[in-house]
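Student: this one's structure only:
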């Protein structure tokens with residue numbers, strides 16, 4: 001008779017689970033409060049969500065780096081800590097936006113906030129493990145919650161967006177599951193570091209199966225990161241989701257995808273398997289260039305920002321392809337700067353949302369809507385212009401430093417052509433960002449539709465979020481050096 005396996009609580013190192021458990025506990029607490037007393041004001045749910053996110057952030061800072069926990073499926077390294085901080089900070093910036101509008105009923109539903117916290121926990125699970133099964137569970141937990149959050153916006157376009165996202169997400173999940181199964185069949189393990197070890201010992205044979213498994217993984221993560229040609233859902237889903245949620249989607253799901261991609265592809269890249277590097281190189285160049293060219297011809301500002309987000313994702317994916325410590329540190333720096341700039345830009349669209357749409361029968365945010373905005377709301381026009389200049393990479397605004405850092409990492413690794421392509425793409429993108437500035441500052445307002453933006457009437461929470469984003473975008477030059485030192489320290493500890 002076999003003796004029962006004894007597991008001590010200490011050996012489980014449950015502290016590694018605390019951040020996710022806090023987020024899940026917050027979601028359950030909101031549902032329980034709603035069961036006890038219905039129809040409470042949404043401000044209570046916002047405060048509960050923010051409180052639990054603060055506790056979540058505190059638990060992340062309390063984690064011991066380079067430890068494993070819960071039967072060794074949890075991996076707390078520098079990447080896990082950095083990405084969880086980005087996820088929780090972005091979530092804390094997003095949630096107060098629920099206080100800003102009476103028109104959108106989803107913010108009065110407690111389920112919205114519970115699903116949101118479950119989604120945050122799912123993304124945290126994705127980044128805090130190198131176990132393919134737990135990554136898959138985190139991915140699906142977050143994705144299923146996100147599909148519902150989009151549909152809760154309760155417009156025809158929102159239902160269409162949620163269905164498209166669900167269909168594409170299901171396909172991506174199946175690719176991920178099949179790729180994981182192939183890696184398990186090859187190596188007998190679902191932990192990325194063990195898969196890397198076994199494949200390295202065998203000389204990456206049989207090469208055909210390794211290639212197939214890698215192709216499935218690239219496709220799965222390509223969907224999540226909206227890499228071309230897996231990007232087709234992105235503009236439609238961003239258009240259907242509320243502007244604030246679209247801004248959130250452009251940041252948080254992608255940082256989770258980047259961390260998984262970094263863990264998965266780095267060992268293949270460092271093993272000098274040329275075809276993996278070539279595939280990623282091609283994906284990066286095509287994603288940056290194609291998204292920029294399509295963004296040039298968009299008539300709607302929200303769709304333009306959607307294609308712009310695809311291009312930025314391609315830009316950052318180059319860091320994973322380069323694979324040096326400088327490049328990987330640059331990835332996190334870029335995404336922190338992108339978080340504030342892009343969330344700010346989408347939030348400005350959120351202010352300008354109208355029930356009626358006198359400007360265009362097809363789009364909610366056509367360029368004409370912003371004509372002459374500087375004459376109507378000079379502060380709003382100036383802030384939106386700052387976000388556009390930052391996204392274009394104009395110095396001294398924040399994303400200039402992120403672009404500069406990744407391009408210098410490319411040059412230092414010998415990717416001169418890639419750095420040149422990045423510079424050309426930044427120049428192309430400047431056209432469509434400056435196009436909005438031209439509309440706002442150099443055109444006359446549409447005479448009978450002067451109430452373009454309600455910036456003066458915006459709630460305190462909305463102005464606070466926009467103010468934080470704008471201040472960070474303008475003054476980032478003073479934060480870059482200490483922020484970079486902090487990021488480099490954590491990336492080096494992880495061995496990336």
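Tutor: In hand now; what should we look at? Here the structure is a predicted model, which is why all the values come from computation and not from measurement.

Student: Just the buried positions in the host helix or strand of residue 489, please.
Tutor: Under the criterion of DSSP states H and E, residue 489 resides in helix 480-493. Buried residues in helix 480-493, counted by 16 or more other C-beta atoms under 10 Å: 480, 483-484, 487-488, 490-491. Where C-beta positions appear, they are placed from N, C-alpha and C, glycine not excepted.

Student: Quick one: list the elements packing against it.
Tutor: helix 78-94, helix 325-351 (3 or more C-beta pairs under 8 Å, 6 or more residues apart in numbering; DSSP states H and E).

Student: quick one: the helices in the stretch 151-300 of the chain?
Tutor: Taking DSSP state H, counting those that start in this stretch to define them, one finds helices in the stretch 151-300 of the chain at 156-187, 192-201, 207-224, 233-240, 243-249, 252-270, 274-296.

Student: Name the spans of the chain whose pLDDT lies under the cut-off.
Tutor: 1-11, 101-104, 272, 352-363, 447-458 (pLDDT under 70).

Student: Okay, strands next: where are they in the stretch 1-150 of the chain?
Tutor: Applying DSSP state E, counting those that start in this stretch to the stretch 1-150 of the chain gives strands spanning 67-69, 74-76.

Student: Export those strands as TSV, with columns for distance to residue 54.
Tutor: Formatted as TSV, the strands of the stretch 1-150 of the chain follow (distance: least, C-beta to C-beta, whole Å):
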stretch	distance to residue 54
strand 67-69	22
strand 74-76	20
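
Student: Give me whichever of these is most buried.
Tutor: Scoring the strands of the stretch 1-150 of the chain by mean neighbour count under mean count of other C-beta atoms under 10 Å gives strand 74-76 as the most buried, with a mean of 24.

Student: which secondary structure elements does that one contact?
Tutor: strand 67-69.

Student: Can you list the helices and strands that the strand it packs on packs against?
Tutor: strand 74-76.

Student: Nearest the geometric middle of this protein, what residue?
Tutor: residue 251 (2.4 Å; C-alpha atoms, centre = their mean).

Student: how about it, what does it touch?
Tutor: Residue 251 makes contacts with 86, 90, 335, 338-339, 342-343, as judged by C-beta atoms under 8 Å, 6 or more residues apart in numbering.

Student: before we move on, back to that, between the strands of the stretch 1-150 of the chain, which gets nearest to residue 206?
Tutor: strand 74-76 (28.1 Å; C-beta to C-beta).

Student: Parallel or antiparallel, which strands does the closest one pair with?
Tutor: strand 67-69 (antiparallel) (DSSP bridges).

Student: what's next to the strand it pairs with, contact-wise?
Tutor: By C-beta under 8 Å, 6+ apart, strand 67-69 touches 12-17, 74-76.

Student: which residue packs closest to residue 54, ignoring adjacent ones?
Tutor: Excluding the flanking residues, the one nearest residue 54 by C-beta to C-beta, 6 or more residues apart in numbering is residue 92, at 7.3 Å.

Student: can you count the residues close to that neighbour?
Tutor: Residue 92 has 17 neighbours, counted by other C-beta atoms under 10 Å.

Student: again, but for residue 59
Tutor: Other residues close to residue 59 by other C-beta under 10 Å number 20.

Student: Check residue 229 too.
Tutor: There are 11 residues near residue 229, going by other C-beta under 10 Å.

Student: give me phi/psi at it?
Tutor: phi -100, psi 20 (degrees, to the nearest 10).

Student: Correct me if wrong: residue 330 contacts residue 319.
Tutor: Yes - Residue 330 is within contact range of residue 319, at 5.3 Å (criterion: C-beta atoms under 8 Å).

Student: any residues in contact with both of these two?
Tutor: In contact with both residue 330 and residue 319: 406, 409, using C-beta under 8 Å, 6+ apart.

Student: And residue 293, how close does it get to residue 115?
Tutor: 36 Å (C-beta to C-beta, to the nearest Å).

Student: Which one of those two is surrounded by more residues?
Tutor: residue 115 (22 against 14).

Student: surely residue 135 meets residue 126?
Tutor: Yes - counting by C-beta under 8 Å, residue 135 does reach residue 126; the two are 5.4 Å apart.

Student: Overlap of the contact sets of these two?
Tutor: Between them, residue 135 and residue 126 share the contacting residues residue 260, judged by C-beta under 8 Å, 6+ apart.

Student: So between these two, which is more surrounded?
Tutor: residue 126 (28 against 25).

Student: pretty sure the more buried one is touching residue 143, no?
Tutor: No - if you go by C-beta under 8 Å, residue 126 and residue 143 don't touch, sitting 10.0 Å apart.

Student: Report all helices and strands that the helix or strand harbouring residue 419 contacts.
Tutor: Taking DSSP H and E as the definition, residue 419 sits inside helix 416-442. For helix 416-442, the packing partners by 3+ C-beta pairs under 8 Å, 6+ apart come out as helix 274-296, helix 301-322, helix 373-376, helix 378-392, helix 398-412.

Student: List the contacts of residue 331.
Tutor: Residue 331 neighbours (C-beta under 8 Å, 6+ apart): 258, 262, 316, 319-320, 406.
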